[in-house]
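S.K.: how would this look folded up:
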Amino acid sequence: MKLTDINIRDPFILADDSTGKYYLYAASPARLGKGFCAYVSDDLDEWSEPIAVFAATDGFAAMDEFWAPEVHRRNGKYYLFGTFCADGQTRKTRILVADKPDGPFAPHSRSIAPDDWFALDATLYVKDGAPHAVFSHEWVQTGDGEMCSVRLSDDLKAPVGKPKVLFSASGSGWSKSPEWNDRSAPIYVVDAPFIYSIDGVEFMLWSSWSDAKASAYSVGVAYPAAGKGILDGEYEHCLLKLPHEDSGHAMVFKDFEGRYRICYHENNSVVGRERAVCYRIGVENGKVVVTE
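M.R.: So this is what the prediction gives:
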């Protein structure tokens, strides 16, 4: 099947050198049950039917929501960072582990954020060999969503120390309170952090609303301030120009031909029409640029 045939939110593509295949991770469709799945491709053009890579059982701690899986290879293992929720619990990000990119994945870590936080969309960032999780402290709890980081143990089983707030959504200068907000005060969304470096330019992608209208889901870029690192909490913020509006939850990978690609979903506001897209991405004059 083609990408345009797959209804998906929050796509993540792993280009796995060990198998020579691309793995597109997503929440499982209803026919596969609760959990996560992967679509597999040799060329980013034709994709397999979804295969279950994690099937939640009745004994699993969360059975209601399975969001935003992303998979990273580290020390010969594959680690799936996912967002989970169960009735009466706060939303949590936990890490699963497998020996192969197509699973089966098994529970590995406890929540990487404090248990009373609504946390989602964690990503892995490694600095000087030390692993960190960067995640969203959700607007449903904070009003003004916060981007946070926390050091992880070397085995990725637990956080080490307390989370650090890197920035708030409103502090970006471009995030707006959406029209669907029914609170008396404005809210600002922080979604989908992802850190990457191209040609020595390090940046963080993240998503929010850039206008009040429902179809204004957008991708922003946070560049570390001069002389600062990506986790130091000082940034230059800007919107990333994309081919189409109403798009978000982006990540970047290098394909097997050595080209950089950005992947995210379009049609964010139209339920049932969300689709993953892949475009070329590069650096011009020190800034990342997306081309079709």
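
S.K.: tell me the average confidence for the strand or helix carrying Pro193?
M.R.: Using DSSP states H and E, Pro193 maps to strand 191-198. Strand 191-198 shows a mean pLDDT of 98.

S.K.: can you check stretch 272-286 too?
M.R.: 97.

S.K.: mind saving the C-alpha coords of it as PDB?
M.R.: The C-alpha trace of stretch 272-286 is given here as PDB (Å, rounded to 0.1, in the frame of the first residue of the first chain):
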ATOM      1  CA  GLY A 272     -10.100  10.000   9.300                       C
ATOM      2  CA  ARG A 273      -8.000  11.900   6.700                       C
ATOM      3  CA  GLU A 274      -4.800  12.200   8.600                       C
ATOM      4  CA  ARG A 275      -1.900  10.900   6.400                       C
ATOM      5  CA  ALA A 276       1.800  10.600   6.800                       C
ATOM      6  CA  VAL A 277       4.000  12.500   4.300                       C
ATOM      7  CA  CYS A 278       7.800  12.500   3.700                       C
ATOM      8  CA  TYR A 279       9.600  15.500   2.200                       C
ATOM      9  CA  ARG A 280      13.200  16.400   1.800                       C
ATOM     10  CA  ILE A 281      14.800  18.600   4.500                       C
ATOM     11  CA  GLY A 282      18.100  20.300   4.500                       C
ATOM     12  CA  VAL A 283      19.900  23.400   5.800                       C
ATOM     13  CA  GLU A 284      20.200  26.800   4.100                       C
ATOM     14  CA  ASN A 285      21.900  29.700   5.700                       C
ATOM     15  CA  GLY A 286      22.000  27.900   9.000                       C
END
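
S.K.: And stretch 159-171, what's buried?
M.R.: 159, 163-164, 166-170 (16 or more other Cβ atoms under 10 Å). For the C-beta atoms, the positions are set from N, CA and C on the backbone; glycine is no exception.

S.K.: ditto for stretch 255-262
M.R.: Neighbour count says stretch 255-262 has 260-262 buried, by 16+ other Cβ under 10 Å.

S.K.: What does the pLDDT read for the spatially most distant residue from the centre of the chain?
M.R.: Residue farthest from the centre of the chain, counting by Cα atoms, centre = their mean, is Ser184 at 29.1 Å. Model confidence at Ser184, given as pLDDT, is 95.
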